[in-house]
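Colleague: Here you go, sequence then predicted model.
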Amino acid sequence: MKQAKRRFDLRLVVQLAFTALSNGYIAGFRHGKIYQGPLKQLCLPGLNCYSCPGALGSCPIGALQAVIASRDHSMSFYVLGFLIAVGALGGRVVCGFLCPFGLVQDLLYRIPLPGRWKLRRLPGERALSWLRYAVLLVFVILLPMLAVNFIGQGDPWFCKYICPSGTLMGGVPLVLLGDGFRSAAGLLFDWKLALLAFTAVFSIAYYRPFCRFVCPLGAVYGLMNPVSLYRYRLIRERCVDCGACRKACKLGIDPVRTPNDPRCIRCGACVRACPHRAILPGLTLQRGGGGCGGKCAACGKDCARPRQ
Amino acid sequence: MKRFLETWGCWLLLAAGGVLILVGILRGEPGMILEKAIRVCLECIGIG
C-alpha cells in the first residue's frame, strides 16, 4: 500500500492533465491548423505556444511581445497584470505543475543514465541563473520595443530566435502536418531545431536547464516566490538540519536557507523528503503562515503546529 | 518591512495585477492578442 502511494505522482498527473486540457483542440492536429476562437484572447499560465495546433489559449510571453512589438502600444498592461496576478497567487508553482515545456523536461530527465552522467551541478550555475533576467529584459522587452521597421513594427525576438517550446509545440507539428510550412522552413527553423535538440539532450542529464537559465516566464514568476499566496514555510523548531531537503532538491536550492528561493519551481520534493515535516506548503492567509497563528504557551515562539 | 511584504505582498500584487488587467482590457489589448494568436506566428515557430 505504501509503495503504491509512493508511486502515484500527483504532480505528473496535474501536468499531463493541464497540458492536454490547454492543448485540446484535436482538429488542429488533424488538419494542421490552429484554433481561432475567442479563447485565444486569454493567456495560459505556462510557456504554451499559441501556434501549437492544439492550443486553446495564448502564451503570455508571445502575447507580451506581440503587444510590445506593435505600432500602437509599447507595453501590454493586460499581460503584465496577468503575470503579476498569477505570480502573486503561486509564484513558480506554474513552472512545477502547469507548464507544458516543464513537463517535457521532467519527462526527459526521467530517462535513465549511468549515475555519473546525471549532473547535479554545473560550474557557475548560480551566476547562469541570472541569464533568464537578461533574456527577459533584452529579448522579450527591449528588442521588440526598440528594433522596429519603418512602420514601427517589431519582431517577437524571444519567440523567433530562442524559444524551443514554440519549435516543439508549434513548429515541428505544423511542418510535419502542412506541405506549405515544410517548404517554407529554412535556416531559422534549422537554428531553432538545433536549440530544441540541445535543450532536449541537456534535459536528460541535467534537471530543467531551460527553466533554470533561459525561461523569462519563470524569471517573472520567481520574483514573486517569496511573497506569493501559496508558498513554503520552514518551521525552524522542527528542522534538525539533516540535509534531506537539500539532497532531494534537483535545482540545487537549500530550502532551509531559502524555502521560497526565486529558482524554486515548487515541485514539493523537499516537502516530501523532510522526515520531520519542517517544510510546510500552504496558503499564507494570516500572519504566521502554516502554523496555527498563535504563540506557543510553553516557549512563547510562533506556533509550529500545522493548521488542522 | 519584510514582515509586511510577506503578509500583504501577495494581496498588493493581486490588486495591482487586477488593475493592470482592467487597464489592458480598456486599451483593447485582448483584441490585439487575439488577432496575433489566431494566425500562425511564423516567427514563433521558426519559419518567418
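Modeller: Done, it's in. Numbering: from 1, shown residues only, chains lettered A, B, ... in the order given.
Colleague: mind checking which helix or strand A:L108 is in?
Modeller: helix A:100-109 (DSSP states H and E).
Colleague: export that helix as PDB, just CAs?
Modeller: Extracted C-alpha coordinates of helix A:100-109, given in PDB (Å, rounded to 0.1, in the frame of the first residue of the first chain):
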ATOM      1  CA  PRO A 100       3.900  22.000 -20.900                       C
ATOM      2  CA  PHE A 101       7.600  22.600 -21.600                       C
ATOM      3  CA  GLY A 102       8.400  22.000 -18.000                       C
ATOM      4  CA  LEU A 103       6.600  18.700 -18.300                       C
ATOM      5  CA  VAL A 104       8.700  17.800 -21.400                       C
ATOM      6  CA  GLN A 105      11.900  18.500 -19.500                       C
ATOM      7  CA  ASP A 106      10.700  16.500 -16.500                       C
ATOM      8  CA  LEU A 107       9.900  13.500 -18.700                       C
ATOM      9  CA  LEU A 108      13.300  13.800 -20.400                       C
ATOM     10  CA  TYR A 109      15.100  13.800 -17.100                       C
END
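Colleague: any idea which helix or strand comes after that helix?
Modeller: helix A:125-128.
Colleague: Skip ahead from that next one and say which helix or strand is next.
Modeller: helix A:131-135.
Colleague: Is any residue of that following helix near chain B?
Modeller: No: if you take C-beta under 8 Å from any C-beta of the partner chain as the test, helix A:131-135 misses chain B, and the best it gets is 15.6 Å. (Each C-beta comes from the backbone N, C-alpha and C, glycine too.)
Colleague: for that helix, which positions count as buried?
Modeller: A:132, A:135 (16 or more other C-beta atoms under 10 Å in any protein chain shown).
Colleague: helices or strands next to it in the packing?
Modeller: Using 3 or more C-beta pairs under 8 Å, 6 or more residues apart in numbering or on different chains; DSSP states H and E, the elements in contact with helix A:131-135 are helix A:209-213, helix A:216-223.
Colleague: neighbouring contacts of that helix?
Modeller: The contact list for helix A:131-135 (C-beta atoms under 8 Å, 6 or more residues apart in numbering or on different chains) reads A:158, A:162, A:212-216, A:218-219.
Colleague: Spit out the contact partners of residue 23.
Modeller: Let's take chain A. Contacts of A:N23 (C-beta under 8 Å, 6+ apart): A:48, A:52, A:54-56, A:100, A:169.
Colleague: meant chain B actually
Modeller: A:77-78, A:81.
Colleague: Please repeat the previous calculation with a cut-off of 10 Å.
Modeller: Residues in contact with B:V23 (C-beta atoms under 10 Å, 6 or more residues apart in numbering or on different chains) are A:77-78, A:80-81, B:29.
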